[in-house]
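Colleague: I need the structure of the sequence given here:
(chains A and B)
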Amino acid sequence: MFKRITGTKDILPGEVSAWQRIEEIARNTFPLYNYKEIRLPLIEEAALFNRSLGEEAEVVKKQMFLIQRDHDTLALRPEATASVVRSYIENSLDKVQGFAKFYYIGAMFRAERPQRGRLRQFHHIGCEAIGSAQPQLDAEIISLADKLLKNFSVSGHRIRINSLGCPDDKKKLTQILKKSLGDNTSKLCQDCQERFQGNILRILDCKNESCKEIVAKLDIGQKHLCGACIGHFRQVTTVLDMLGVEYIVDDHLVRGLDYYTRTVFEISHPGLGAQDAIGAGGRYDNLVKQLGGSDQPAVGFAFGVERVLLVSADKVQGVSDKLVYIIPLGEEARQESMILLNELRQQGICADTDYLGKSLKGAMRQADSMGVKYAVIIGDNELKNKTVMLKNMKSGEQKELGRTALVKELSGN
RNA sequence: GUGGGCGUAGCUCAAUUGGUUAGAGCGUCAGACUGUGGCUCUGAAGGUUUGCGGGAUCGUUCCCCGUCGCCCACCCCA
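Modeller: As a prediction, the model looks like this:
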């Protein structure tokens, strides 16, 4: 028997309605902020991600699904920001329109060990605004993220924000950390000792208690930020306050991907266990240039759809309450019902029938368990009278109608 | 990638210190007098015989090893 690839999931019809709900909310909410949908390939040149996420990023080093084809190394995309930027540059959108807002919904791939809220194929709903450095945009995007969550029926989430500063500030922060931690690296946990080499900023958000203590003593705060970055961050928080978005400034918040600059944020939810980030994002003012485009600052974020679904209070279930179920009794009625089905469908009425030759009782049970609103019975009597029997499954009432009267009755729903 | 737990019908779980035909509930299907669902009752199907492959044993679903899968945590991240 064939099996799913580890870390992938079949989304069966029963679960699809929950997905559709989330997607529909996203498609309704993004346009309010003038974000336009963009659809991009699932595979890209692997080098795109090496360049954008950083050679040292775990995602690049260990988690990419690589495909070797001829002399090219391709990768299933582990995230979409790099692809959006690639597309923005490749299609000369910087020249055509300069500032642009995009949103996307789609699958991402990372070869991690699966656990709750973590899959190898997972789905992002995200957006990117490219071409402006204004702090108001950062605030708008955080408030959009918050709005989306509310629309998704998610509550109790926590938004943490921080500023990493411009590239010079990031370098400064790296140096501060190297200097102040250099003497007692041995006191850091095993992971942090490795981070010290390649990914030193991440020591700031280590969960290890003793590391936390050491980091707390350093009292980093936002001392590494230059005047311009401090000003930027202050404006971001000011606008967030104006918009009534609740957030926590967390100066230990660092993101794992290289491209982030200045504002970063992460949205977590206590209902999730270890993988508690349901969404995250931030500024990436250098990425467009770094990938060969013009100098365009940008900001964006993404939600993990699976994680959002885990904490969404609205558990919709698929019911066929718009379906009309036709029950033919006998061979002649079965033929006749094909005409009726066709007619109903032409009128835009969802209609189905029993294909198993069940008894009336069995077919009624079937109709009931599907949750249909109407059943239509066609038997010998109805054939003779050229009518059908329409039964309202909720009220139990039924009446005998002619064909046209039936269509008229049902179109009203 | 590292550690731990688990793996018995479609689902949730049982199965006495390893001992004869592996059980239940739910679900599915069928029936309960003529063409009518939900509740109830009755019955049936469904496990290539316990993820897979080895091993120890007179014998194992139960013990050991390997493997695959799932889950949880670490890590990472959405």
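Colleague: can you confirm A:E400 is in a strand?
Modeller: Yes - per DSSP: H, G, I helix; E, B strand; the rest coil, A:E400 lies within a strand segment.
Colleague: what's opposite it in the beta bridge?
Modeller: For A:E400, the beta-bridge partners under DSSP bridges are A:M389.
Colleague: look at it and say how many residues are nearby.
Modeller: For A:E400, the count of nearby residues is 14 (other C-beta atoms under 10 Å). Every C-beta, even on glycine, is put in place using the N, C-alpha and C of the backbone.
Colleague: for A:G7, same thing?
Modeller: When counting by other C-beta under 10 Å, one arrives at 17 neighbours for A:G7.
Colleague: quick one: it and A:Y284, what's the gap?
Modeller: From A:G7 over to A:Y284 the distance is 27 Å, taken as C-beta to C-beta, to the nearest Å.
Colleague: same question for A:P297.
Modeller: For A:P297, the distance to A:Y284 - C-beta to C-beta - is 8 Å.
Colleague: cool, and A:C189?
Modeller: A:C189 is 29 Å from A:Y284, by C-beta to C-beta.
Colleague: more neighbours: which of those two?
Modeller: A:Y284 (28 against 16).
Colleague: tell me the pLDDT of that one.
Modeller: pLDDT, A:Y284: 96.
Colleague: contact partners for it?
Modeller: By C-beta atoms under 8 Å, 6 or more residues apart in numbering, the contact list for A:Y284 reads A:81, A:259-261, A:297-300.
Colleague: excluding its backbone neighbours, what's nearest it?
Modeller: In space, A:Y284 comes closest to A:Y259 once its chain neighbours are excluded; the distance is 4.2 Å by C-beta to C-beta, 6 or more residues apart in numbering.
Colleague: what do you get for A:F301?
Modeller: Distances taken as C-beta to C-beta, 6+ apart put A:G281 closest to A:F301, at 2.4 Å, once the chain neighbours are dropped.
Colleague: ok, that neighbour - how many residues close by?
Modeller: Residues lying near A:G281 (other C-beta under 10 Å) number 25.
Colleague: can you tell me how far it is from A:I267?
Modeller: Taking C-beta to C-beta, one finds A:G281 at 9 Å from A:I267.
Colleague: same check, this time on A:D169
Modeller: 24 Å.
Colleague: A:I142 too?
Modeller: 9 Å.
Colleague: shared neighbours of those two, anything?
Modeller: Taking C-beta under 8 Å, 6+ apart as the criterion, A:I142 and A:I267 both touch A:I159.
Colleague: tell me, what's the model's pLDDT at the residue of the stretch 251-400 of chain A found nearest RNA strand B?
Modeller: Using C-beta to the nearest atom of the strand, A:G256 is the residue of the stretch 251-400 of chain A that sits closest to RNA strand B, at 1.5 Å. Here, the pLDDT recorded for A:G256 equals 76.
Colleague: how about A:V316?
Modeller: For A:V316, pLDDT reads 67.
Colleague: just the one 5 residues further on next, same as before
Modeller: Predicted confidence (pLDDT) at A:D321: the value is 74.
Colleague: enumerate the residues of the stretch 101-250 of chain A near RNA strand B.
Modeller: Proximity of the stretch 101-250 of chain A to RNA strand B (C-beta under 7 Å from any atom of the strand) is limited to residues A:110, A:112-119, A:122, A:124, A:191, A:195, A:199, A:202, A:206-208.
Colleague: which of these are buried, as a PyMOL select command?
Modeller: Those of these that count as buried under 16 or more other C-beta atoms under 10 Å are selected in PyMOL with:
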select buried, chain A and resi 110+112+117+118+119+122+124+195+199+202+206
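Colleague: show me the residues of the stretch 101-250 of chain A next to RNA strand B that map onto strands.
Modeller: Residues of these located in strands (DSSP state E): A:122, A:124.
Colleague: which residue ranges make up the domains of chain A?
Modeller: Split into domains by automatic domain parsing, chain A comes to A:13-166+A:226-311, A:324-411.
Colleague: and those, which is most packed in?
Modeller: domain A:13-166+A:226-311 (a mean of 18; mean count of other C-beta atoms under 10 Å).
Colleague: so how far is A:R334 from A:Y355?
Modeller: In terms of C-beta to C-beta, A:Y355 sits 9 Å off from A:R334.
Colleague: what does A:A277 give?
Modeller: For A:A277, the distance to A:R334 - C-beta to C-beta - is 55 Å.
Colleague: same deal with A:I67?
Modeller: 50 Å.
Colleague: again, but for A:S369
Modeller: 21 Å.
Colleague: now the helices: where do they sit in the stretch 251-400 of chain A?
Modeller: A:287-290, A:305-311, A:331-346, A:360-370, A:380-385 (DSSP state H, counting those that start in this stretch).
Colleague: redo these as CSV? Include distance to RNA strand B.
Modeller: Formatted as CSV, the helices of the stretch 251-400 of chain A follow (distance: least, C-beta to the nearest atom of the strand, whole Å):
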stretch, distance to RNA strand B
helix A:287-290, 13
helix A:305-311, 5
helix A:331-346, 9
helix A:360-370, 3
helix A:380-385, 3
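Colleague: need these in a markdown table (columns: mean pLDDT).
Modeller: Below are the helices of the stretch 251-400 of chain A laid out as a markdown table (pLDDT from 0 to 100):
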| stretch | mean pLDDT |
| --- | --- |
| helix A:287-290 | 95 |
| helix A:305-311 | 93 |
| helix A:331-346 | 94 |
| helix A:360-370 | 92 |
| helix A:380-385 | 93 |
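Colleague: reformat these as JSON lines; add distance to A:L406.
Modeller: Output for those, formatted as JSON lines (distance: least, C-beta to C-beta, whole Å):
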{"stretch": "helix A:287-290", "distance to A:L406": "60"}
{"stretch": "helix A:305-311", "distance to A:L406": "39"}
{"stretch": "helix A:331-346", "distance to A:L406": "8"}
{"stretch": "helix A:360-370", "distance to A:L406": "16"}
{"stretch": "helix A:380-385", "distance to A:L406": "11"}
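Colleague: look up how far A:E382 lies from A:F99.
Modeller: Applying C-beta to C-beta to A:F99 and A:E382 gives a distance of 64 Å.
Colleague: give me phi/psi at whichever residue of the stretch 1-150 of chain A sits closest to RNA strand B?
Modeller: Of all residues in the stretch 1-150 of chain A, A:R116 sits closest to RNA strand B, at 2.5 Å by C-beta to the nearest atom of the strand. Main-chain torsions, A:R116, degrees, to the nearest 10: phi -60, psi 130.
Colleague: thanks a lot, see you next time.
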